[in-house]
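1. I would like to see how this sequence folds:
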Amino acid sequence: MRDVLVTGLGCWTALGADPDEVFEALCRGGSGVDGPGPFPGRGPVAAIPGGPHLSSTLAERVVRQALGGLDPAGVALVGATTSGDMVRGEVEYERVLRGEPPGPEFLWAQLCDRPTEIVARVVGLTGPRTSLSTACSSGAAAVGIAAEWVASGRVEAAVAFGTDALCQMTVHGFGSLGAVSPDRCRPFDAGRTGLSLGEGAGALLLESAESAARRGARVLARFGGYGNATDAHHMTAPHPEGRGALDAVRQAGTARVGWVCAHGTATPLNDAMESGVVAAVLPEAAVSSIKGAIGHTLGAAGAIELVATVQAVQQGRVPPNTGCLEPEWPLDLVSEARHVPLDAALSVNFAFGGHNAAVRIERADHERIGADGPSRPSDPIQPVQGAVLDWAACVPGGAAGLADDLRAGRSRGTSVDDPARPDAIPAGRWRRMSRLSRLAAVAVLELRERHPDLDWASMPVVHGTAMGEVVPSSAFLDRLFTEGPEHASPMSFQNSVYNATAAHLSLTFDLRGPAETVSSGIATGIMALARGFEWARRAPAVLVVVGDDLNPTTLNAFANTPVPAGEAMVAVLVGPGSDVRIVDGDVAERPVCRGTPLPYERAFVAREGARPEAVLGLSCANGLLAVLAGLPEVLDQDDRFALTALRASP
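-> Sure thing, here's the model as predicted:
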């Protein structure tokens, strides 16, 4: 594995419009959080004139900052968000509730891959890309994936960003949970009363030492490690003893860490758990949270906080824990900006569903890498590859005979029957699950029964979905817009996050390993498979779960497309090997489906055999199903991004 260097930063928050402005304001103890109100915080979106794509606009600006003068051609992109451009999507949703026909923004605006796709197209990033949405740990996890791509030799450079603009669903969703403070938030304070919501974006350019040396790039820091683990405890509350958080921190590494950029949401349970974790593994480290200064920026938080972490390590200066007046725990909470030599610092983030991420940043030995620094040739870039061990599926007509029908092009319809509750899943747990997570649980249960000897508790889980939890999201917005914010449903809100299916699987089956929710439009199935193969370099078995379900919202969104939407849920066990090979490739064929400009207009293409959308309807799992059916060459396209899967053996 190669060294990974940080060579560029981008940041836009309520405190400023570039990394230096934001960090200086943080160190002065400034705060952009205004206190109570429906949209607290002087969000940066107000300073951006025009344009409906708020999260995407923020993402574009910070990605350009991070790239600096680097040619974007060939640079990879990993984007993170919790709500995409939902600000625009809510406008379209209200129109539909009034009886107007759905426009193209009705569904597309809230898809979590939208900022990534827009940024790639506008900025000209042509390397591999994917989108990640693991709630409030999304930004940190995106940096972890981008760093892995560089370290493994898949790419020479990658930009990771996190972005979120405030929308009604976010504001009233957290309000329904009773989690928002009536005043400015006070992380780690004895009198804390909840979080303050914020908005913004952050980006990091990660580069191999060889690439940085070739162009004489300025080195800001070194990527030190990444940890990812799941609590398997509760949808919204952290494990009291920080089980998953401790695992993530230990994976990232604690060597020489002098400062912890804490998650620090100022909520009672989270701050208590986090204080215990830090006291257990880094009792001497300085600690501060920047959320008292910029608010909780959700999917952007991890990326923004890593920008601050890089600057702290580079400058030997850490910002204060803004808002804390009376510390509750005997931690070294920074009350004023402090100059301290830092060999390394740790940034941590915790999310709905018990998904935890930690990233360690180290001080760079050389500000610039030239002839006197690392300059060995790049390792050969290898395609992602692995073996499919077993699979199960909930698809129209059932899994039996599916491979034959896919090869022959025999239509099966587009919808899956609602599953009956298996005896192995308690009724109380089943009631709390969304329909999408129930479909996933049925497929995963089949694999667990066939492979009881696998180490399921620590198995990595890659969850892929293009549309996310549309049913709970629609239920939440229906009540919000028809009955008012005071009737917003906390149950619908906690199930509306993209990673809810992965979270329910962890709770149902006690899955405590790394978990990621990825999304790449119609190419999601192949992307999730590729990501599973990447995890299989370090694990004997990886669970890949991919699917979307149908509902009135989805059907409205696809009303004008020539190919009907379909639903499917596929669970796959993958391991190391060379049975299937994933490579990035150009696409000669044109998409066969035109109409409403959604990501789903780019249909599946098989070089040989029938197209799965003719059998099952258009679904993000189509490409994955074609691979499992044994089609010799499979291609999925999402905008200009293509992945090709080649089956190397019959």
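
2. what are the pairing partners of the longest strand anywhere in the chain, and which direction each?
-> For the chain, the strand with the greatest residue count under DSSP state E is strand 568-584. Next to strand 568-584 in the sheet, as set by DSSP bridges, lie strand 384-394 (antiparallel), strand 542-548 (antiparallel), strand 641-647 (antiparallel).

3. give me the mean pLDDT for it.
-> Strand 568-584 shows a mean pLDDT of 84.

4. hey, C-alpha coordinates of it in CSV?
-> Extracted in CSV, the C-alpha atoms of strand 568-584 (Å, rounded to 0.1, in the frame of the first residue of the first chain):
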residue,chain,number,x,y,z
ALA,A,568,-35.3,-5.9,-6.4
MET,A,569,-33.3,-6.8,-3.3
VAL,A,570,-30.1,-8.8,-3.7
ALA,A,571,-27.8,-10.1,-1.0
VAL,A,572,-24.4,-11.4,-2.1
LEU,A,573,-21.5,-12.9,-0.2
VAL,A,574,-18.2,-12.1,-1.8
GLY,A,575,-14.6,-13.0,-1.0
PRO,A,576,-11.1,-12.6,-2.4
GLY,A,577,-10.4,-14.2,-5.8
SER,A,578,-10.5,-13.6,-9.5
ASP,A,579,-13.9,-15.0,-10.5
VAL,A,580,-15.3,-11.6,-11.4
ARG,A,581,-13.2,-8.6,-12.5
ILE,A,582,-14.3,-5.0,-12.2
VAL,A,583,-12.5,-2.4,-14.3
ASP,A,584,-13.4,1.2,-15.3
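
5. which residues touch residue 231?
-> Shown in contact with residue 231 (Cβ atoms under 8 Å, 6 or more residues apart in numbering): 238, 239, 243, 244, 245, 354, 355, 356, 506, 512. For the C-beta atoms, the positions are set from N, CA and C on the backbone; glycine is no exception.

6. got CSV for the residues you listed, with distance to residue 484 too?
-> As requested, these are exported to CSV (distance: Cβ to Cβ, whole Å):
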residue, distance to residue 484
238, 30
239, 34
243, 38
244, 36
245, 36
354, 31
355, 31
356, 35
506, 33
512, 39
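
7. filter the residues you listed down to the ones in helices?
-> 243, 244, 245, 506 (DSSP state H).

8. now, which of those sits nearest residue 85?
-> residue 506 (28.3 Å; Cβ to Cβ).

9. where does the stretch 51-200 of the chain have low pLDDT?
-> Low-confidence segments of the stretch 51-200 of the chain, defined by pLDDT under 70: 51-53.

10. quick one, strands of the stretch 351-500 of the chain?
-> Per DSSP state E, counting those that start in this stretch, the stretch 351-500 of the chain carries strands over the ranges 355-362, 384-394, 461-464.

11. buried ones in the second one?
-> Buried residues in strand 384-394, defined by neighbour count with 16 or more other Cβ atoms under 10 Å: 384, 385, 386, 387, 388, 389, 391, 392, 393, 394.

12. determine which two of those are furthest apart.
-> Farthest apart among the buried residues of strand 384-394 by Cβ to Cβ are 385 and 394. That separation is 27.2 Å.

13. so which helix or strand of this structure has the lowest pLDDT on average?
-> Every helix and strand of the chain was ranked by mean pLDDT, DSSP states H and E. The lowest is strand 641-647, at a mean of 46.

14. follow-up on the earlier one: least confident of the strands of the stretch 351-500 of the chain, on average?
-> Taking the mean pLDDT of those, strand 384-394 comes last: a mean of 90.

15. please list the outside residues in contact with that strand.
-> Against strand 384-394 from outside (Cβ under 8 Å, 6+ apart): 154, 399, 402, 416, 419, 439, 442-444, 446-447, 450-451, 530, 532-534, 536, 541, 547, 568-583, 625, 627-628, 648.

16. how far out from the middle of the chain is that strand?
-> Strand 384-394 sits 22 Å away from the centroid of its parent chain (Cα atoms, centre = their mean, to the nearest Å).

17. may I have it exported as PDB, CA atoms only?
-> The C-alpha trace of strand 384-394 is given here as PDB (Å, rounded to 0.1, in the frame of the first residue of the first chain):
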ATOM      1  CA  VAL A 384     -10.700  -4.700  -8.600                       C
ATOM      2  CA  GLN A 385     -11.500  -8.400  -8.500                       C
ATOM      3  CA  GLY A 386     -13.000 -11.000  -6.200                       C
ATOM      4  CA  ALA A 387     -15.200 -14.000  -6.100                       C
ATOM      5  CA  VAL A 388     -19.000 -14.400  -5.600                       C
ATOM      6  CA  LEU A 389     -19.500 -17.000  -2.900                       C
ATOM      7  CA  ASP A 390     -23.300 -17.200  -2.800                       C
ATOM      8  CA  TRP A 391     -26.300 -15.000  -3.200                       C
ATOM      9  CA  ALA A 392     -30.000 -14.700  -2.500                       C
ATOM     10  CA  ALA A 393     -32.700 -12.300  -3.800                       C
ATOM     11  CA  CYS A 394     -36.200 -10.900  -3.400                       C
END
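
18. farthest pair in the contacts of residue 231?
-> 245 and 506 (14.2 Å).

19. between these two, which one's more packed in?
-> residue 245 (30 against 26; other Cβ atoms under 10 Å).

20. dump the residue contacts of the more buried one.
-> By Cβ under 8 Å, 6+ apart, the contact set of residue 245 is 229, 231, 238, 239, 273, 274, 277, 348, 350, 356, 358.

21. ok, residue 473 next?
-> 110, 169, 492, 496, 553.

22. how close does it get to residue 409?
-> For residue 473, the distance to residue 409 (Cβ to Cβ, to the nearest Å) stands at 33 Å.

23. for residue 427, state which of the buried residues of strand 384-394 is nearest.
-> The closest of the buried residues of strand 384-394, once distances to residue 427 are taken by Cβ to Cβ, is residue 394, at 19.8 Å.

24. burial measure for residue 79, as a count.
-> The tally of other residues near residue 79 (other Cβ under 10 Å) stands at 37.

25. actually residue 125, not the one I typed
-> Considering only other Cβ under 10 Å, residue 125 is surrounded by 24 other residues.

26. now it: phi and psi?
-> For residue 125, the backbone dihedrals (degrees, to the nearest 10) come out as phi -80, psi 120.

27. now swap in residue 153 and tell me
-> phi 90, psi 10.

28. quick revisit: okay if I get the strands paired with strand 568-584 as CSV plus distance to residue 119?
-> Shown next, in CSV, are these (distance: least, Cβ to Cβ, whole Å):
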stretch, distance to residue 119
strand 384-394, 23
strand 542-548, 23
strand 641-647, 12
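
29. filter the contacts of strand 384-394 to the buried ones?
-> Among the contacts of strand 384-394, those buried by neighbour count (16+ other Cβ under 10 Å) are 154, 399, 402, 416, 419, 439, 442-444, 446-447, 530, 532-534, 536, 541, 547, 568-576, 579-582, 625, 627-628.

30. how far away is residue 514 from residue 140?
-> Counting by Cβ to Cβ, the gap from residue 514 to residue 140 is 12 Å.

31. for residue 489, same thing?
-> From residue 489 to residue 140 the distance is 28 Å (Cβ to Cβ).

32. quick one, which of the two is more surrounded?
-> Ranked by neighbour count (other Cβ under 10 Å), residue 489 and residue 140 place residue 140 first, with 34 against 19.

33. skipping its backbone neighbours, what lies nearest the more buried one in space?
-> In space, and not counting its chain neighbours, residue 140 is closest to residue 302: 3.0 Å by Cβ to Cβ, 6 or more residues apart in numbering.

34. check residue 215 too.
-> In space, and not counting its chain neighbours, residue 215 is closest to residue 70: 7.3 Å by Cβ to Cβ, 6+ apart.

35. what do you get for residue 228?
-> Nearest one to residue 228, counting by Cβ to Cβ, 6+ apart, is residue 514 at 3.8 Å.
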